[in-house]
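# Quick one, structure for this:
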Amino acid sequence: MDHLEFFKSFATGLAADHIPHQHSLDSVRKSEVINVGIVQENPSSVKGTIRILQHLNKYPPVICDKCYPCVVYGDQLSCERHNDAQLALSNEASEGDRLTALEPGSQEFHKRMLRVQDTMNILFSGKSAIDKGTLYWLKNVFNHRAVQKEVRNDFNDVVDFLDFITKGYTLLLAAKILHIADVSDTPANAPAAISELSKVQKQEYLQQVSEAIVNHIWHDINGIEEVESEAEEPEGQSVEDNGVFCFCQEENDDDMVECCNTMCTNGKWFHFKSVNLTEETIPAEDEDWFCSRDCKKHMECAKRQSKQRKTNEEDYKQAYSKALLWRGLGHMCRRDAIQENDGPAMVTLWKIDMLDFHGRNHNKYLILAHRLSTDLSRWMPASICNDLLWNV
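Numbering: from 1, shown residues only. Next comes the predicted model:
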């Protein structure tokens, strides 16, 4: 809306900069910081973590002899050590000694840095410096010299760069969807006299354009072809590996025929007598022959998959652009959710990120995400759930 003249003419004020929630006012107030002292212990060891938590365990409020748990926030390693410390004290007699009043909570910043690093690992490569439209090429064209692949070296520069590129890609995709060639053009399919429409009608049109952009880069999970279980590659070794020939497993000088399944595990070569073939019934040289129905089914499936791959030859440039825009918009959503203290949005993003945690082998973050989801499913007391969700 900031760059297309058509939207500037009517869309000002239609999109909310902030979506209010029940704790919006509390979130904008300045927090009161209380110094609880310094503990001279090594937080990288279980023993040191126990000592630190025992010091913090003095601060959860106790009302009518009932202790109200508190969330202790930290990075992934701190949460892991917190869990290890509680496990080490799990056989203690009292709840206080077991440190049950302290619940570990993962900080959003560390997860956000991890997700940005994943994006750079996947899409930012010096080998693509001459490939138009890639992150590395754009970095040089727009003179973002401070941007490096290692996000921790300059997180803010990397985030600013990704935001800049995401906005540019979004603008280009919007121009494609609206069939316009210049920022001053008016979309051919735009409602007539849109400035005279009601606010609701304007918002509906803006929503349609936004949905079209998201749908264009949305992953079509239903389009992923599942491999039929009965056509899975048979386990075992081929004849070249195991030295087995024919069903009879006998070596003689009789004529043999070859099974056309490249992964045949029955013997690969078969004596005419063992498969009921004669000189008159042997297949021609250009004719496929299979020793069993399983081998025939396997090769038919393999041919279908090969044909499908050739038919759906992927446009790698488009796939790169869609991946870049998908991940860029995701980073912007995470930043906005954190800045607005939008608890439900942050939890939703944790759940979405579980797929990437699994795919990128971030197993410890996958455990944190699962624990957060479990805690918020009323596994933990209501007060802890509220603190984990809203951080207020």
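# wait, W289 sits on T281?
No. Between W289 and T281 there is no contact under CB atoms under 8 Å: 10.2 Å. (Glycine included, C-beta is placed from N, CA and C.)
# of those two, who's got more company?
Between W289 and T281, counted using other CB atoms under 10 Å, the more crowded position is W289 (17 against 9).
# host element of that one?
Secondary structure from DSSP states H and E places W289 outside every helix and strand.
# tell me the SS of the residue lying closest to it once chain neighbours are set aside?
Leaving aside its sequence neighbours, W289 sits nearest to P283 (CB to CB, 6 or more residues apart in numbering; 4.2 Å). Secondary structure, DSSP: H, G, I helix; E, B strand; the rest coil: P283 is coil.
# Now do P283, the pLDDT please.
pLDDT recorded at P283 is 81.
# Neighbours of it, how many?
Neighbour tally, P283, other CB under 10 Å: 13.
# what's the spacing between it and V62?
85 Å (CB to CB, to the nearest Å).
# can you list the weak-confidence ranges in the chain?
Low-confidence segments of the chain, defined by pLDDT under 70: 1, 220-244, 306-314, 392.
# how is it carved up into domains?
36-106, 229-311 (automatic domain parsing).
# Throw those into TSV and include distance to L206, thanks.
Listed next are these as TSV, based on distance: least, CB to CB, whole Å:
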stretch	distance to L206
domain 36-106	35
domain 229-311	37
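# K199 is nearest to which of those domains?
K199 lies closest, by CB to CB, to one member of those: domain 36-106, at 40.1 Å.
# Endpoints of the closest one, how far apart?
20 Å (CA to CA, to the nearest Å).
# Please apply the same query to stretch 250-257.
14 Å.
# Can you give the contact residues for it?
Residues outside stretch 250-257 that contact it (CB atoms under 8 Å, 6 or more residues apart in numbering): F245, C246, W269, F270, H271, F272, K273, V275, L277, I282, P283, W289.
# can you pull out the helices in the stretch 51-200 of the chain?
Secondary structure of the stretch 51-200 of the chain (DSSP state H, counting those that start in this stretch): helices located at 76-88, 108-123, 135-141, 155-178, 199-217.
# which parts of the last one are buried?
With burial defined by 16 or more other CB atoms under 10 Å, the residues of helix 199-217 counted as buried are K202, Y205, L206, V209, I213, H216, I217.
# How far does it sit from its chain's centre?
24 Å (CA atoms, centre = their mean, to the nearest Å).
# and what of the fourth one?
For helix 155-178, the separation from the chain centroid amounts to 19 Å (computed by CA atoms, centre = their mean).
# Okay, buried residues for it please.
Neighbour count says helix 155-178 has 158-159, 161-162, 165-166, 168-170, 173-175, 177-178 buried, by 16+ other CB under 10 Å.
# ok, those vs Q117, which is closest?
Using CB to CB, the buried residues of helix 155-178 come closest to Q117 at V158, 8.7 Å.
# Can you give me the neighbour number for T186?
So T186, with other CB under 10 Å, has 12 neighbours.
# Now do the contacts for it.
Neighbouring residues of T186 by CB under 8 Å, 6+ apart: F6, I180.
# Need phi/psi at it.
Note on T186: its backbone torsions stand at phi -100, psi 130 [degrees, to the nearest 10].
# Relative to A192, how far out is it?
For T186 relative to A192 (CB to CB), the value is 11 Å.
# Equivalent analysis for D294, please.
Taking CB to CB, one finds D294 at 64 Å from A192.
# Those two: which has the busier surroundings?
Higher neighbour count among D294 and A192: D294, with 16 against 6, using other CB under 10 Å.
# Look at that one and give its secondary structure.
helix.
# Make residue 1 into 538 and carry on from there
From this message on, residue numbering opens at 538, which makes the last subject D831.
# how close does it sit to D825?
Counting by CB to CB, the gap from D831 to D825 is 14 Å.
# now K664
42 Å.
# swap in L734?
64 Å.
# do the same with G633
Separation of G633 from D825 (CB to CB): 75 Å.
# Please export the C-alpha coordinates of stretch 859-876 as PDB.
The C-alpha trace of stretch 859-876 is given here as PDB (Å, rounded to 0.1, in the frame of the first residue of the first chain):
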ATOM      1  CA  LYS A 859       8.300 -18.600  -3.300                       C
ATOM      2  CA  ALA A 860      10.500 -20.000  -0.500                       C
ATOM      3  CA  LEU A 861      12.100 -16.600   0.000                       C
ATOM      4  CA  LEU A 862       8.800 -14.800   0.200                       C
ATOM      5  CA  TRP A 863       7.200 -17.500   2.500                       C
ATOM      6  CA  ARG A 864      10.100 -17.300   4.900                       C
ATOM      7  CA  GLY A 865      10.400 -13.500   4.800                       C
ATOM      8  CA  LEU A 866       6.700 -13.000   5.600                       C
ATOM      9  CA  GLY A 867       7.000 -15.500   8.300                       C
ATOM     10  CA  HIS A 868       9.900 -13.600   9.900                       C
ATOM     11  CA  MET A 869       7.800 -10.400   9.800                       C
ATOM     12  CA  CYS A 870       4.900 -12.200  11.400                       C
ATOM     13  CA  ARG A 871       7.100 -13.400  14.300                       C
ATOM     14  CA  ARG A 872       8.500  -9.900  14.800                       C
ATOM     15  CA  ASP A 873       5.100  -8.300  14.900                       C
ATOM     16  CA  ALA A 874       3.700 -11.000  17.300                       C
ATOM     17  CA  ILE A 875       6.600 -10.300  19.700                       C
ATOM     18  CA  GLN A 876       6.400  -6.600  19.500                       C
END
